[in-house]
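S.K.: Provide a 3D model corresponding to the input given below.
(2 chains)
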Amino acid sequence: MRGCHRDGTLVVCRSFHEMKHLLPCLLTALLPWAASAEPARPYVNDKKAPENRQDLDAIQHALTQVLPAARNATVCIELGEGSGSGVIVSEDGLVLTAAHVASGVNKDLTVVLEDGRKLKAVSLGVVADTDAAMVRITEKEKFPFVDLDRKDTTRLGDWVFALGHSGGFDKERGSVVRLGRLVRMAESTIQSDCTLIGGDSGGPLFNLQGQLIGIHSRVGVWMGIDMHVPIQVFIKNWDGLLKAEFIGEGPFVKKAEKGKGFLGLATEARSEGGLKVTKVGKDTPAAKADFKEDDVLLKLNGSELKTREQLQETLKEMAEGDPLEFDVLRAGKPLTIKLKLGAR
Amino acid sequence: MSCVPANPSPSNLNSVHAKLIIPAIILAIVAHAPADQSLETAFRTTGPTVLAAFDAQRQVIQKCSAIIYDGRAEAICGVVISPTGHILTKASELKTIKKLGVTVDEKKYPEAKILAIDDQWDVALIKIDASDLTPVAYAPTSAVSQGTWVVANGTTTRTHRRVLAGIISAKIREIPTSGGAALGVKLKLDAKELEIDDVQEKSGAKEAGLQKGDVILAIDGKPVTKLDEVGAVLKDRKAGTIAKLTFRRNQEEKSADVRLMARNEMSEELNRNDAMSGAFSERRSGFPRILQHDILGARSIVGGPLLDLEGRCIGMNIARANRAESFAIPVEDLKALAERLLKTP
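M.R.: Reported below is the predicted structural model:
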């Protein structure tokens, strides 16, 4: 099927500029087919190099056609002190990015749309050894999204384009588009000559049909070496990514270890039950979640708290990023405080 | 292969505009992929076989761009704007040239005069003794779609210009002065007056001859006695413009014209993105309006024309900002600037 598709396109399109007068009728003939099937692969991809103005126009035409939709789905991802890029791949807000941008499972992130609107998001799964990650925008609305190259139609030498928020989000500029070719392909990495820079990490690489074929991961020590995670890595690990699994081991992201989580509260047991907060550490996860001195912790994730040791033991079994829900008594009034365990 | 995973880390904090970014991971390639999975260099975007498709534009670059030499070394490019030898180029790069020489097409012009400089756009007008040059034909507009092909100077021999190609890659916009415009002096902290403690090596203050111990009295005629007053006067000023400084040296009142520079451009430190960007232009911010493209050329291609596929000049390359972003002055602004500079007495 794939070979046939490629060859068919090649033959038909090669005859385009040899028999110019046939162009309009050939195009018309192709239209119903193009609308009903996968978007047509531009003939120019099957030439070793563009040879003339027509070939260059074909690249430009394809790119300018698909660029607006690709750009609308490209996002900036902010977390803590850094930012990277990502791309929305479903109407309900699934985002693909790099594992070193998501930086772990269950992380709170901010997704910034092209128009500057900031949305809450959380990281789902990561593939730590190939730098793939999935993020979900947690706000409910319909988002612009792009299709994946599910059939793996992209080949060495194909013309591709990269989008990303190079150097961070800049509303006046928008995301930056770069054109290049696929120059190396391996199972877990594809390389293009679309030039990437810090802040592009996690951003999308598209073929000229506007399908997502990779996610920006890293750059070489020389110019012209720019690496992407192939979309097939995401497709292969899709279920695990959706279930927020930590897949593989390093080097792009390290698994949170049990017992290394950090809360930042000092407590003492009360005779009538619960733990009284005696100190809230400055700039700790507890302080950021707005705990106050003299708050009384009644329950953690549904279990009643009776001793300090019990709280410590519970936290020791948890890792950075794990969710905590405290039932708290403040000045006699009950409230719930939700937060995530931080890193020491 | 050896991999270094990156952690999110703040970039250079001395810049107001520095975004906090996650640096891409640097990966050194030691092993090579099998040959059949790697595209030969000639067929890559900057390869000769691909660039051969741009021969029509190359012929325009051959005639309408100038190569400006410092002695025997190519320093920058220029845009030919008249048959009689008027050429626009990047002013801040021109200033560093010791032995100015120009080549247009195959001909060498050992004499060139600097006629006028516009500091705001960082453009200089120079003149060589010629009579039959081919000036650029201006494109009707710079408002073209992103993804539109553009062509610029690539490498060159003494007689033959090569080209590089790329696309328009972001919105036309102003590039504000990075980190704000500044004089380039450090003032004594505990002094009652604005006494200069140090003059930065790469600064307008240094160029204007200011020295340690000078006391700043007024800027553009407005008396200043405190640091925040200096800040207030310079707040809305742009890099490249001139501030008239009144100062006291050895009980004598003097004045000097100080070219304001972007704070970032005086800094010696590189952030991580700059460190991976090769030779970027020193002056790369403080432009009223720019057209952005993705041609990744040497710093010396700056100053030359940016062409569309029709071979028309859609802009003038004015800065290589970093490895992913190059800036050009849009044709509308370039035309107006050329007219203005040509009228300079």
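
S.K.: can you count the residues close to the closest residue to chain B within the stretch 151-300 of chain A?
M.R.: Per CB to the nearest CB, A:Gly168 is where the stretch 151-300 of chain A lies closest to chain B, at 2.3 Å. Where you see a C-beta, it was placed from the backbone N, CA and C, and this is true even at glycine. Burial measure for A:Gly168: 22 neighbouring residues, criterion other CB atoms under 10 Å in any protein chain shown.

S.K.: can you tell me how far it is from A:Ile77?
M.R.: Here A:Gly168 is placed at a distance of 11 Å from A:Ile77 (CB to CB, to the nearest Å).

S.K.: which neighbours do these two have in common?
M.R.: Residues touching both A:Gly168 and A:Ile77 (CB atoms under 8 Å, 6 or more residues apart in numbering or on different chains): A:Ser83.

S.K.: test my guess that the residue of the stretch 151-300 of chain A closest to chain B contacts A:Ser83.
M.R.: Yes - with contacts counted by CB atoms under 8 Å, A:Gly168 reaches A:Ser83, the gap being 5.2 Å.

S.K.: kindly state the pLDDT recorded for A:Leu208?
M.R.: The predicted local confidence for A:Leu208 comes out at a pLDDT of 97.

S.K.: ok now do it, which residues does it touch?
M.R.: The neighbourhood of A:Leu208, defined by CB under 8 Å, 6+ apart, consists of A:41-42, A:45, A:59, A:62-63, A:66, A:158-161.

S.K.: again, but for B:Ala319
M.R.: When contacts are counted by CB under 8 Å, 6+ apart, B:Ala319 touches B:90, B:122, B:280-281, B:283-285, B:287, B:290, B:302, B:326-327.

S.K.: now those residues as TSV including secondary structure, distance to chain A and pLDDT?
M.R.: Listed next are the contacts of B:Ala319 as TSV, based on DSSP: H, G, I helix; E, B strand; the rest coil; distance: CB to the nearest CB, whole Å; pLDDT from 0 to 100:
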residue	secondary structure	distance to chain A	pLDDT
B:Lys90	strand	21	95
B:Asp122	coil	20	94
B:Phe280	coil	11	80
B:Ser281	coil	15	83
B:Arg283	coil	18	85
B:Arg284	coil	12	86
B:Ser285	coil	12	86
B:Phe287	strand	13	92
B:Ile290	strand	10	96
B:Val302	coil	16	93
B:Ser326	strand	10	93
B:Phe327	strand	11	95
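
S.K.: drop anything exposed from those residues.
M.R.: When neighbours are counted using 16 or more other CB atoms under 10 Å in any protein chain shown, these contain these buried positions: B:90, B:122, B:280-281, B:283-285, B:287, B:290, B:302, B:326-327.

S.K.: closest one of the residues you listed to A:Leu196?
M.R.: Nearest to A:Leu196 among the buried ones among the contacts of B:Ala319, counting by CB to CB, is B:Ser326 at 14.6 Å.

S.K.: for the closest one, list each beta-bridge partner.
M.R.: Using DSSP bridges, the beta-bridge partners of B:Ser326 come out as B:His293, B:Arg320.

S.K.: which residue ranges of the chain form helices?
M.R.: Just so you know, I chose chain A. For chain A, the helices identified by DSSP state H occupy A:2-18, A:23-36, A:53-73, A:99-102, A:231-236, A:238-242, A:285-288, A:308-316, in order along the chain.

S.K.: that answer is for a different chain, and I need it for chain B
M.R.: For chain B, applying DSSP H gives helices covering B:48-51, B:55-64, B:91-94, B:204-207, B:227-234, B:263-266, B:272-275, B:331-343.

S.K.: just name whatever secondary elements the fifth one is in contact with.
M.R.: Judged by 3 or more CB pairs under 8 Å, 6 or more residues apart in numbering or on different chains; DSSP states H and E, the packing partners of helix B:227-234 are strand B:215-219.

S.K.: just list the residues touching the closest residue to B:Ser142 other than its chain neighbours, thanks.
M.R.: Using CB to CB, 6 or more residues apart in numbering or on different chains and skipping residues adjacent in sequence, the residue nearest B:Ser142 is B:Pro330, 3.6 Å away. For B:Pro330, the contacting residues are B:142, B:172, B:289-291, B:314-315, by CB under 8 Å, 6+ apart.

S.K.: same question, B:Thr45
M.R.: A:179-181, A:193, B:165-166.

S.K.: count the residues that sit near residue 147.
M.R.: No chain in the question, so chain A it is. Neighbour count of A:Asp147, defined by other CB under 10 Å: 15.

S.K.: nope, chain B please
M.R.: If you count neighbours by other CB under 10 Å, B:Gly147 ends up with 22.

S.K.: repeat for B:Glu74
M.R.: Taking other CB under 10 Å as the neighbour definition, B:Glu74 ends up with a count of 18.

S.K.: could you pull out the strands for the stretch 101-250 of chain B?
M.R.: Secondary structure of the stretch 101-250 of chain B, counting by DSSP state E, counting those that start in this stretch: strands at B:107-109, B:112-118, B:123-128, B:149-156, B:161-167, B:173-175, B:181-182, B:185-187, B:194-199, B:215-219, B:222-223, B:242-249.

S.K.: need the contact list for A:Asp327.
M.R.: Taking CB under 8 Å, 6+ apart, one finds A:297-299, A:334, A:336 in contact with A:Asp327.

S.K.: in the stretch 101-250 of chain B, which residue sits closest to chain A?
M.R.: The shortest separation between the stretch 101-250 of chain B and chain A is 4.1 Å, found at B:Gly147 (distances taken as CB to the nearest CB).

S.K.: pLDDT wise, what is that residue at?
M.R.: Here the pLDDT value assigned to B:Gly147 is 97.

S.K.: how close does the closest residue to A:Phe291 other than its chain neighbours sit to A:Glu268?
M.R.: The shortest distance from A:Phe291 to any residue that is not its chain neighbour, by CB to CB, 6+ apart, is 5.0 Å, and that residue is A:Val280. From A:Val280 across to A:Glu268, the span is 14 Å (CB to CB).

S.K.: which one of the two has more residues nearby?
M.R.: A:Val280 (19 against 11).

S.K.: beta partners for the more buried one?
M.R.: Using DSSP bridges, the bridge partners assigned to A:Val280 are A:Leu265.

S.K.: check contacts around it.
M.R.: So, once contact is read as CB under 8 Å, 6+ apart, A:Val280 ends up touching A:264-265, A:286-287, A:291-293.

S.K.: need those in CSV (columns: pLDDT).
M.R.: As requested, those are exported to CSV (pLDDT from 0 to 100):
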residue, pLDDT
A:Gly264, 89
A:Leu265, 89
A:Ala286, 91
A:Ala287, 89
A:Phe291, 92
A:Lys292, 92
A:Glu293, 92
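
S.K.: out of these, which is nearest to A:Glu172?
M.R.: Using CB to CB as the measure, the one of the contacts of A:Val280 that approaches A:Glu172 most closely is A:Ala287, at 35.4 Å.

S.K.: from B:His293, how far out is the residue of the stretch 151-300 of chain A closest to chain B?
M.R.: From A:Gly168 over to B:His293 the distance is 20 Å, taken as CB to CB.

S.K.: next up, the contacts around B:Ile168.
M.R.: With contacts defined as CB under 8 Å, 6+ apart, B:Ile168 is in contact with B:144-148, B:150, B:291-293.

S.K.: and these, which are buried?
M.R.: Neighbour-count burial (16+ other CB under 10 Å) is assigned, among these, to B:144, B:146-148, B:150, B:291-293.

S.K.: farthest pair within those?
M.R.: In those, the most distant members under the criterion CB to CB are B:Gly147 and B:Leu291, with 13.2 Å between them.

S.K.: what number of residues lie near A:Lys47?
M.R.: A:Lys47: 17 surrounding residues under other CB under 10 Å.

S.K.: now A:Asp295
M.R.: One way to gauge burial is a neighbour count; for A:Asp295, by other CB under 10 Å, it gives 23.

S.K.: just want the most central residue of chain A.
M.R.: The structure's chain A has its C-alpha centroid closest to A:Thr97; by CA atoms, centre = their mean the separation is 2.0 Å.

S.K.: does that residue touch A:Arg136 like I think?
M.R.: No - judged on CB under 8 Å, A:Thr97 makes no contact with A:Arg136 at a distance of 11.3 Å.
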